[in-house]
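quick one, structure for this:
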Amino acid sequence: MSRYVILIFVFQLLIALIHGFWAAKKKQILPLEKMAIIAFIPVAGLIMPYLGYVLPKKEGEGDLVDVFDHNREDIKNEIRYEKVIEIEKEVNYIPVEEALLLNSSSVKRKLIMDTAKEEAYEYISFLKLAMSDSDMETSHYAASIVMEINRKLQTLIQKAAADYERNNTDAKSMFDYVDIVGKYYKSGLLDEGNENRYGLLYSRLIEELMNLEYYTEALFKDKIETDIKLKEYINLMNWIEGYHNKYPESETPFLLRMKYYYITNNANGINQVLRSIETSHVNLTREGNEIIKYWTQESA
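So this is what the prediction gives:
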């Protein structure tokens, strides 16, 4: 009997080694746990690691193949996920939508839950996409986080509004109010009616903040782009001109003027801006150069 046991052991050890060599040849990683099962569990060890191929499993359940068979692509996905989460928590390290295409639902869930630990409103587009994921637990996690983001932003807006009402001449209180309203307005959480309402509020608050002599390029740009989106054109050119006067070397006032002329189908206006840029000392970025080049060719 002991001879048969030894023969079975040697046979299974040989099978385990063959698996190891085959995995190495295919540039895959065969876990030691699987090799140990094959080598040291008599007879059953030859079957156990492959039950996942023949036994049906319910959605979301794992199997022995899931546990042991981590080939190189699986490990690449795990490393890619860790880069997304750990390197300065930058979800944009890779196109984040790729995470939803990974085979492992647990990776998707962990990625979604990790966004809740950061400034989650920055990942709204990803979370909204995850809400329609085929994995029900993933979509539930995403929906829960989106609802919580919406609740937190509304609470912050109420607090900032109350602080501003107590002291509407304090630039810091005003800036905090403008900042949180802008985040909510640009979050993608609002329906069309509320987006219009918060857009008007955001534009008005920026104007009030600037009346306190608080200026930044970002505020000018947001004010003008918001008004363009809302089709509030009455004082738009005055704001663009004011932006240019404050920041004469910036390309953005020129590009915003062109954007307005494009939306209003004013080809002459676009040509006028192109000529103005040629005689100005504006510092063009790569993006600005590409836009100018495109419209120069269109006007030719």
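
ok, Gly242 - how many residues close by?
The tally of other residues near Gly242 (other CB atoms under 10 Å) stands at 17. All C-beta atoms are positioned from the backbone trio N, CA, C, and that covers glycine.

so who does it touch?
Phe220 (CB atoms under 8 Å, 6 or more residues apart in numbering).

for Glu251, what are phi and psi?
Dihedral angles of Glu251 (phi, psi; degrees, to the nearest 10) stand at phi -80, psi -20.

ok, the closest residue in space to it that isn't next to it in sequence to Ile263 distance?
Counting by CB to CB, 6 or more residues apart in numbering, Gly288 is the residue found nearest to Glu251 once chain neighbours are left out, at 4.2 Å. Remark: distance between Gly288 and Ile263 (CB to CB, to the nearest Å) = 18 Å.

is Glu232 in a helix, a strand, or coil?
Using DSSP: H, G, I helix; E, B strand; the rest coil, the structure places Glu232 in coil.

so what's it closest to, chain neighbours aside?
Using CB to CB, 6+ apart and skipping residues adjacent in sequence, the residue nearest Glu232 is Ser203, 6.8 Å away.

pLDDT below threshold where in the stretch 101-250 of the chain?
Residue ranges of the stretch 101-250 of the chain with pLDDT under 70: 101-109, 114-121.

so Tyr185 touches Tyr198, yeah?
Yes. If you go by CB atoms under 8 Å, Tyr185 and Tyr198 touch, sitting 4.4 Å apart.

chain neighbours aside, what residue packs nearest to Asp176?
Using CB to CB, 6+ apart, the closest residue to Asp176 is Ala160 (5.1 Å).

so who does the one you found touch?
Contacts of Ala160 by CB under 8 Å, 6+ apart are 173, 176-177, 179-181.

distance of it from Asn167?
To Asn167, Ala160 is 12 Å away according to CB to CB.

shared neighbours, those two?
Residues touching both Ala160 and Asn167 (CB under 8 Å, 6+ apart): Ser173.

name the residue in Gly288 and Ile263 with the higher neighbour count.
Gly288 (17 against 12).

show me what counts as buried in the host helix or strand of that one.
Taking DSSP states H and E as the criterion, Gly288 maps to helix 286-299. Applying a neighbour-count criterion of 16 or more other CB atoms under 10 Å, one finds 288, 291-292, 295 buried in helix 286-299.

can you map out the helices along the stretch 51-200 of the chain?
51-54, 64-68, 72-86, 105-115, 124-130, 136-166, 171-185, 192-210 (DSSP state H, counting those that start in this stretch).

so the residue nearest to Glu232 touches Glu225, yeah?
No. Here Ser203 does not reach Glu225: they are 9.7 Å apart, not a contact under CB under 8 Å.

of the two, which one has the most company?
Neighbour count, other CB under 10 Å: between Ser203 and Glu225, Ser203 has more, with 22 against 16.

what about Ala218, neighbour count?
11.

ramachandran angles for it?
phi -60, psi -40.

thanks again, I'm all set now.
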